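# here's my sequence, what's the structure:
(one chain, ligands or ions: 1)
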Amino acid sequence: MIDTYRHKGLRKKLAQVIAKKGIKNSQVLTAIETIPRHLFIPDNALHKYAYDDKPFPIGAGQTISQPYTVAFQTELLELKSREKVLEIGTGSGYQTAVLLEMGVKVFSIERQKALFDRTKELLPQLGYISKLFYGDGYKGLPSFAPFDKIIVTAGAPYIPEDLLNQLKVGGILIIPVDEGESQRMKKIVKLSDKKFETEDLGLFRFVPLLKEKGRD
Ligand code: SAH
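From the prediction side, this is the model:
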C-alpha cells in the first residue's frame, strides 16, 4: 500500500487529461488527483498503468471503470455535500472513493462476494468510510431509501423500478442502459412521484449488471 510522488504526479496528469476531455467540476478533478487509483487495482503488475485513462480487470470478471467515465457520471450527479447517494456496483471501490471525496454519504451494493469482501477491507484502510452491502443492486436498499442521488456503474438491461421508487423527488439517477456491448448513459430526474425526465448522454461501455444469482 505505497503511494509515491511519482504516483501523485501521474494522477495530476490524469486529472488534466480528464479536464481536456470535458469534465469541468473542480471537485471531481480534485478527487481524481487525490485518490491513489493504483491501490484499487489488485494486480500489482498493472500498477504502472493505473493512471492511464483506461479500465482494468479487478477479478471476478469485473473491471474498475475508466477514470473519465467515473468523472462523467459523478459530474452528472450534481452532488451537494452531505447528500445520500446509492451506488450500484461497488467493484474496486474507486467510484465509492470519488463520491466520498465529494463530501456525500455513500451506500454501495456489490453482488460478487469476493469483490465485496476485498473492498470492505480496502476502503477503511485508505480512510474512506461508507456503508457497503453484499446484495442485488436491482432491488436497491429499501430500508435506507429515499436517496438524493443514485449511480449505477454496470450496464443495465432496463431501468429498475425499485431504483426509481427509492429516489427522492428532485433526485437524479445516472444509469447506463442497454443489453448489448455498449450502453446509452441516461440521466433521469424525478419530477414527482410518478413523473420522470430522461436525458440521453451518449454511448459508453460497461460490464453488465448481473441478474439475481440462480437466474443467469
Ligand atoms: N464502481 C466500480 C465499477 C465496477 S464494474 C469501480 O469503480 O470499480 C461494475 C460492478 O457491478 C462489478 O463489480 C459487478 O460485480 C457489480 N454488479 C454487477 N451486477 C450487480 C448487481 N445486480 N448488484 C450489485 N452489483 C452488481
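
# in this protein, which spans are strands?
Along the chain, counting by DSSP state E, strands occupy 56-59, 62-64, 84-88, 105-110, 131-134, 147-152, 167-177, 183-190, 196-204.

# let's have the ones you listed in TSV, adding mean pLDDT, distance to the ligand and mean neighbour count.
Where you see a C-beta, it was placed from the backbone N, CA and C, and this is true even at glycine. What follows is the strands of the chain, written out as TSV (pLDDT from 0 to 100; distance: least, C-beta to the nearest ligand atom, whole Å; neighbours: other C-beta atoms under 10 Å):
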stretch	mean pLDDT	distance to the ligand	mean neighbour count
strand 56-59	97	6	18
strand 62-64	97	4	22
strand 84-88	98	5	24
strand 105-110	98	5	24
strand 131-134	98	9	16
strand 147-152	98	8	25
strand 167-177	98	10	20
strand 183-190	98	12	19
strand 196-204	97	12	12
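
# so which of these gets nearest L123?
For the strands of the chain, the distance to L123 is smallest for strand 131-134, at 7.3 Å, taking C-beta to C-beta.

# correct me, but K105 touches K84?
Yes. Using C-beta atoms under 8 Å, K105 is in contact with K84, at 5.1 Å.

# check the residue nearest the centre of the chain and give its pLDDT.
The chain has Q95 as the residue nearest its centroid, 3.9 Å off, counting by C-alpha atoms, centre = their mean. Per-residue confidence (pLDDT) for Q95: 98.

# can you report how many residues lie near L10?
17 (other C-beta atoms under 10 Å).

# need the residues of the protein near the ligand, please.
Applying C-beta under 6 Å from any ligand atom, we find that the chain lies next to the ligand at 62-65, 88-89, 91-92, 94-95, 109-112, 115, 136-138, 153-154, 207, 209-210.

# in helices only, show me the residues you listed.
Among the residues of the chain next to the ligand, the ones falling in helices (DSSP state H) are 94-95, 115.

# helices or strands next to the longest helix along the chain in the packing?
Longest helix in the chain, counting residues (DSSP H): helix 5-20. When contacts are defined as 3 or more C-beta pairs under 8 Å, 6 or more residues apart in numbering; DSSP states H and E, helix 5-20 packs onto helix 26-34, helix 67-76.
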